[in-house]
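Trainee: sequence-free structure coming up:
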DNA sequence: GACACGATTGGCT
DNA sequence: GCCAATCGTGTCC
């Protein structure tokens, strides 16, 4: 079952936690590739110095200000894409959750090919890796993830324990513990 | 118009 | 653990 829009109409930090265990579904040439979300990070608005949306709306970050439940994909380091889900409550004008890792379930052969035959353990355990494995690019920016299409999010598994720490790869906003993850060992 | 740098990764020491 | 690869974007002059 695909997630409802209301799910994303809540505080970005809360949505980041609740996305753990949900299923990310990608259809490539009519073939289904799926993974369970195991790591996320919240990026909010003017209150968050690490967020792309900390200053104002720009060409790149504009999706963070648009309707919740849509994808915000950006290109970084000259070679990688990162997948975010737009989420915020009414208190903020922007916000998104970065999907940093999924546990691969279906379509391992397809993902492996797209990742140049990297072994399973390193297939989708990073923001740049999972977009490569699922062929997610700027073409997917703005995609409605609450509708059945070539990219959407559905209910997944029940979560036991959530790990919480500071976000990865940022130089500002290091006081906020907005990185959330689950241990795949506990479920798979 | 120029330029510094990044919500990363893989390879090498 | 360290560092190069690689280029679009945002900020500043």
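Mentor: Perfect, I can see it now. As the structure is a prediction and not an experimental result, all values here were calculated from the model.

Trainee: Using the three-state scheme, assign the residue of chain A most remote from its centre.
Mentor: Residue distances from the centre of chain A (CA atoms, centre = their mean) peak at residue A:117, which lies 22.8 Å from the mean C-alpha position. Using DSSP: H, G, I helix; E, B strand; the rest coil, the structure places residue A:117 in coil.

Trainee: Could you give the bridge partners of the residue most central in space within chain A?
Mentor: If you average the C-alpha coordinates of chain A and look for the closest C-alpha using CA atoms, centre = their mean, you land on residue A:99, 2.3 Å from that point. The residues listed as beta-bridge partners of residue A:99 by DSSP bridges are residue A:40.

Trainee: my guess is it meets residue A:85, correct?
Mentor: Yes - under the criterion of CB atoms under 8 Å, residue A:99 makes contact with residue A:85 at 6.9 Å. In short, each C-beta sits where N, CA and C put it, glycine included.

Trainee: Quick check: neighbours shared by those two?
Mentor: residue A:19 (CB atoms under 8 Å, 6 or more residues apart in numbering).

Trainee: Give me the phi and psi for residue A:81.
Mentor: Backbone geometry at residue A:81, expressed as degrees, to the nearest 10, gives phi -110, psi 150.

Trainee: What residue, apart from its backbone neighbours, is nearest it spatially?
Mentor: Closest residue in space to residue A:81, ignoring its immediate chain neighbours: residue A:131 at 4.2 Å, by CB to CB, 6 or more residues apart in numbering.

Trainee: Which helix or strand contains the one you found?
Mentor: Residue A:131 is located in helix A:127-133, with elements delineated by DSSP states H and E.

Trainee: Does that helix reach DNA strand B?
Mentor: Yes - using CB under 7 Å from any atom of the strand, helix A:127-133 comes into contact with DNA strand B via A:127-130.

Trainee: residues in chain A within reach of DNA strand B, list them.
Mentor: Looking at DNA strand B, the residues of chain A close enough under CB under 7 Å from any atom of the strand are A:41, A:43, A:50-53, A:61, A:64, A:72, A:76-80, A:82, A:84, A:96, A:98, A:100, A:115, A:118, A:122, A:126-130, A:167-171.

Trainee: Any of those buried? List them.
Mentor: For these, burial is judged from neighbour counts taken by 16 or more other CB atoms under 10 Å, and it is met by A:41, A:43, A:50-53, A:61, A:64, A:72, A:82, A:84, A:96, A:98, A:100, A:115, A:118, A:126-127, A:129-130, A:167, A:170.
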